[in-house]
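Colleague: this is a predicted model, with the sequence first.
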Amino acid sequence: MAAALQERTNCVSIITRLLGITWTAQLTLLALTAYAADQTHPTLAIGSPAPGFSLPGVDGKTHQLSDYSSSRVLVIVFTCNHCPAAQMYESRIQKLEEEHRGRQVSLIAINSDNPDALTLDDLRYTDVGESFYETRIRAEYRQFKFPYLYDGDDQTVVQAYGPVATPHVFVFDEQRKLRYEGRIDNNIGESLTTTHDARDAIDALLVGKPVPVEHTAPLGCPINWKLEASPRLAELKRVAAEPVRLEPAGASELRQLRRNPTGKMLLVNFWATWCGPCVSEFPDLLATWRMYRGRGFDLVTVSTNTQDEKPGVIKELQMDHASSRNLQFSSDDTSAMQAAFDPKWESGVPFTVLLTPDGKVLYRQQGELDILELRRVILANLPDSEYPGDHALWVTK
């Protein structure tokens, strides 16, 4: 079923691009194909009682359905961290909770995606993946005030409710009978919304009226279900098969590198095998490259090791499967090599610089870097995005 859904997903993407259909329409079609394809996890029917749950929250507590028994309305939003649509709805989920706070309405969100069902390429629009640890990072970064629970590993609650996309909203009345399920509103671009389906359902229940519309198709990415064959393991095999090369770089090559001739956003990392922080952050840099390389982003690593240390450099690169472009100083005159790239760089490694396609510095770090900070700078400045409004999510507040 997963392979068939992936094939449908690829077909929808190709067809909609050829027809010039908007990205919002693409995600709508993906949600509809998920409805048609997912017979294994049917969506909870209108009028059904809310299935019980006991899930860990990012607040360190265990949350149960009974914890919310005093509320007249219960809203459960199944969402995730990596989907751009889910990200663009985060502020609206927060707003929906704030608008109904103190009105006997409880809103909770549940991360529904299995982390092992995603490859690094699937994370091209996010700073974090779908593990519980990363879910806590997202909640803290976005300053969520609502409970954010985790069901990504076992997915037992997700199976019971049957969401098909992220986000997917379920609204229950005082007797905990399902009265509405579907989208939050009718457009992922907030300024383009004309109906507010989830809010209308909540407000109708609060005044004892029937919900005006009981079902809508959610707008977002299909649920990533746990698979028997992990795509991540297959990805690791592909990565291990990529060739690892090391090239010498003299002063002229380093000056050219600083001008960034790649035509892409370029991350340049200077490191050495004897540098603990360099070796420690190296796998995260490679993961970041694999996350964003399909979006006009590239990585060049530059070893500052002396020439007699080349075997150790190659060994380290091979251990990390560093199939990015890798350079090594061709001269043991380290100061001259550093000055050729950046005359202001007078200290040691690690030294990391993020360059725009025309060579402007977006990020510069002397010493060990904060990988999440770096990823958010990259996301805020990548030149291409299929999702209008995506860049604004990552601009530092």
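Modeller: Good, I have the coordinates.
Colleague: run a quick neighbour tally on the nearest residue to Asp59 once chain neighbours are set aside.
Modeller: Distances taken as CB to CB, 6 or more residues apart in numbering place Pro147 nearest to Asp59, at 6.7 Å, with adjacent residues excluded. Just so you know, the C-beta spots here come from the backbone N, C-alpha and C atoms, and that holds for glycine as well. Applying other CB atoms under 10 Å, we find 20 residues neighbouring Pro147.
Colleague: now stretch 103-116 - C-alpha only, PDB.
Modeller: Output in PDB follows, covering the C-alpha atoms of stretch 103-116 (Å, rounded to 0.1, in the frame of the first residue of the first chain):
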ATOM      1  CA  ARG A 103     -14.600  28.800  26.800                       C
ATOM      2  CA  GLN A 104     -14.600  25.100  27.900                       C
ATOM      3  CA  VAL A 105     -12.700  24.000  24.800                       C
ATOM      4  CA  SER A 106      -9.600  21.800  24.900                       C
ATOM      5  CA  LEU A 107      -7.300  21.600  21.900                       C
ATOM      6  CA  ILE A 108      -4.400  19.200  21.700                       C
ATOM      7  CA  ALA A 109      -2.100  18.300  18.900                       C
ATOM      8  CA  ILE A 110      -0.600  14.800  18.200                       C
ATOM      9  CA  ASN A 111       2.500  14.200  16.100                       C
ATOM     10  CA  SER A 112       1.300  11.300  13.900                       C
ATOM     11  CA  ASP A 113       4.400  10.600  11.600                       C
ATOM     12  CA  ASN A 114       6.800   7.700  12.100                       C
ATOM     13  CA  PRO A 115      10.400   9.100  12.100                       C
ATOM     14  CA  ASP A 116      11.800   6.000  10.300                       C
END
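Colleague: buried stuff in that stretch?
Modeller: Judged by neighbour count (16 or more other CB atoms under 10 Å), stretch 103-116 contains these buried residues: Val105, Ser106, Leu107, Ile108, Ala109, Ile110, Asn111, Ser112, Asp113, Asn114, Pro115, Asp116.
Colleague: what does stretch 69-79 rub up against?
Modeller: 50, 68, 86, 89-90, 93, 96-97, 100, 104-112, 158, 161, 163, 166-174, 176, 184, 198, 202, 205-206, 223 (CB atoms under 8 Å, 6 or more residues apart in numbering).
Colleague: was I right about the residue nearest to Asp59 contacting Gly60?
Modeller: No. Using CB atoms under 8 Å, Pro147 is not in contact with Gly60, being 11.2 Å away.
Colleague: ok so, going back, the residue nearest to Asp59 and Glu97, how far apart?
Modeller: 9 Å (CB to CB, to the nearest Å).
Colleague: on that earlier part again, who are the contact partners of the residue nearest to Asp59?
Modeller: Gly57, Val58, Asp59, His63, Ile108, Ala109.
Colleague: quick check: phi and psi on it?
Modeller: Main-chain torsions, Pro147, degrees, to the nearest 10: phi -60, psi 130.
Colleague: pretty sure Thr301 sits against Asn326.
Modeller: Yes. With contact defined as CB under 8 Å, Thr301 reaches Asn326; the gap is 4.9 Å.
Colleague: looking at those two, which one has more neighbours?
Modeller: Neighbour totals were compared for Thr301 and Asn326, and Thr301 leads with 25 against 22 (other CB under 10 Å).
Colleague: quick one: that one is in a strand?
Modeller: Yes. Counting by DSSP: H, G, I helix; E, B strand; the rest coil, Thr301 is located in a strand.
Colleague: and Ala229, helix, strand or coil?
Modeller: coil.
Colleague: what's the neighbour count on it?
Modeller: 9.
Colleague: got the phi and psi for it?
Modeller: Torsion angles, degrees, to the nearest 10, at Ala229: phi -100, psi 110.
Colleague: any figure for the gap between it and Phe170?
Modeller: Here the criterion is CB to CB. By it, Ala229 lies 30 Å from Phe170.
Colleague: OK, contacts around Tyr150?
Modeller: Leu55, Pro56, Gly57, Val58, Ile110, Asn111, Phe132, Thr135.
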